[in-house]
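Novice: I would like to see how this sequence folds:
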Amino acid sequence: MSTTIELADLTGDFVIDTARTRIGFIARHTMATRVRGSFGEFDGSAHLHFGDPSKSSGGLRIQAASIDTRNRRRDDLLGRKFLAADDHPTITFALTGVARVDETTVQVTGDLTIRGVTKPVTVDFEPAGVRNDPNGALRVGFTGATTINRKDWGVHWKAAAGMVAPKVTLEFDLAVIRQS
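Specialist: This is a model prediction of the structure:
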């Protein structure tokens, strides 16, 4: 059964539905191609309060070695060299603020940590759907993206076959389930 709900009514504790969530990226290669990928292992939770977004909190943990670009050799190299997964096995995002942009868009700010370096980032999210599942749990989808400069996190790359551009777009297709 579909539910019509106002953004301000989405208050409570949520966990990420890892089976229905995609956390991905797009990086441009200097050979005029894009490399798209995602991470297969992650978890996160949040307390959302859209009536008073300043009361929202949450976090996300991504296993750096779970990077997947559909090329195992490249994935191993990216995980080991690019993300230094042996020394820094997780990429984390700690929510520091939420601000309402308009009736449907919220701007989420937080601290993104990659390779042990923490920098603030901002992501605009829009709800992608609201439903009650067959068990009666409220499920909400959110989509968002932001572009970062990988060099800000100490991710440098030069290779004989070409170079990866410094700008990387992070993509979030989140599905969350209300716990309370």
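
Novice: contact partners of stretch 105-117?
Specialist: For stretch 105-117, contacts defined as C-beta atoms under 8 Å, 6 or more residues apart in numbering pick out 7, 50, 53, 64, 83-84, 87-88, 90-101, 118-126, 144, 148, 152-155. All C-beta spots, glycine's among them, are computed from the backbone N, C-alpha and C.

Novice: how about 7 Å then?
Specialist: Contacts of stretch 105-117 with the rest of the structure, by C-beta atoms under 7 Å, 6 or more residues apart in numbering, involve 53, 83-84, 88, 91-101, 118-126, 153-155.

Novice: Weed out the non-buried ones from the residues you listed.
Specialist: Listed as buried from these are 53, 83-84, 88, 91-93, 95, 98, 121, 123, 125, 153, 155; burial here means 16 or more other C-beta atoms under 10 Å.

Novice: Quickly check the residues you listed for the two that are furthest apart.
Specialist: By the measure C-beta to C-beta, 53 and 84 form the most distant pair in those, at 33.8 Å.

Novice: can you map out the strands along the protein?
Specialist: 11-16, 22-29, 33-39, 42-49, 57-63, 67-68, 90-100, 106-114, 117-132, 138-149, 164-178 (DSSP state E).

Novice: Tell me which of those strands sits most buried.
Specialist: Mean neighbours per residue, mean count of other C-beta atoms under 10 Å, is largest over the strands of the chain for strand 67-68, with a mean of 20.

Novice: tell me what that one is packed against?
Specialist: Packing partners of strand 67-68 (3 or more C-beta pairs under 7 Å, 6 or more residues apart in numbering; DSSP states H and E): strand 33-39.

Novice: if we go to 10 Å?
Specialist: strand 33-39, helix 72-77 (3 or more C-beta pairs under 10 Å, 6 or more residues apart in numbering; DSSP states H and E).

Novice: Pull up the pairing partners for that strand, direction included.
Specialist: Strand pairing for strand 67-68, determined by DSSP bridges: strand 33-39 (antiparallel).

Novice: the inter-axis angle of the strand it pairs with versus strand 164-178?
Specialist: Comparing the axes of strand 33-39 and strand 164-178 via axes from the mean of the first three to the mean of the last three C-alpha atoms, to 10 degrees yields an angle of 30 degrees.

Novice: Other residues contacting strand 33-39?
Specialist: Here strand 33-39 makes contact (C-beta atoms under 10 Å, 6 or more residues apart in numbering) with 21-29, 62-71, 74-75, 78-79, 83, 91, 162, 164-165, 168-169, 171, 173.
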